[in-house]
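Undergrad: Provided below for reference: sequence and predicted model.
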Amino acid sequence: MDPIADMLIRIRNAQAVRKETALVPYSRIKMEIAKLLQQEGFVTHALRKGRKTRKSIEITLAYQENGAPRIHGLRRISKSSRRVYRGVKEMRQVRQGLGTAILSTPKGVLTGISARKEHVGGEVLCEVW
């Protein structure tokens, strides 16, 4: 099973039932994705909990004032069966600039906008809007 897709589905399911937090098993790449979601304002907090083999990420979900979730959609782009890579010139906006793409680049896990600023391409992990 794909661990990043599992993380995205856990976030989507938690927001569907209006939970405050979503718990995800810890890995470094998932923690970097959660930090980017926090920087972009899609989630409130992303904290590492536990020790050694019991580590997990507690993601505090963000909601708008009317109660609607801030994340309207999540989509896994690059899968284990089909890897998707994009260069700097091939990167495009997500939902006319309302969303963001998350990439794994040689300079770390970056959003699409920051990857363009750093002038690097990479594997497109997911899109969030």
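TA: Alright, I've got the coordinates.
Undergrad: Just give the nearest non-adjacent residue to residue 29, would you?
TA: In this structure, residue 29 finds its nearest non-sequential neighbour in residue 109, 6.5 Å apart by Cβ to Cβ, 6 or more residues apart in numbering. C-beta coordinates here come from the backbone N, C-alpha and C atoms, glycine included.
Undergrad: Are there helices or strands packed against the helix or strand in which that neighbour is found, and which ones?
TA: With secondary structure defined by DSSP states H and E, residue 109 is part of strand 108-111. With contacts taken as 3 or more Cβ pairs under 8 Å, 6 or more residues apart in numbering; DSSP states H and E, strand 108-111 sits against helix 28-39, strand 100-105.
Undergrad: Now it: buried residues?
TA: Buried residues in strand 108-111, counted by 16 or more other Cβ atoms under 10 Å: 109, 110, 111.
Undergrad: quick one, helices of the protein?
TA: When secondary structure is read from DSSP state H, the chain shows helices at 3-16, 28-39, 112-118.
Undergrad: Give me the contact list for stretch 95-115.
TA: When contacts are taken as Cβ atoms under 8 Å, 6 or more residues apart in numbering, the neighbours of stretch 95-115 outside the stretch itself are 29, 32-33, 36, 39-40, 73, 77, 86, 88, 91, 93-94, 118, 120-129.
Undergrad: Give the buried residues for it.
TA: 99, 100, 101, 102, 103, 104, 109, 110, 111, 112, 114, 115.
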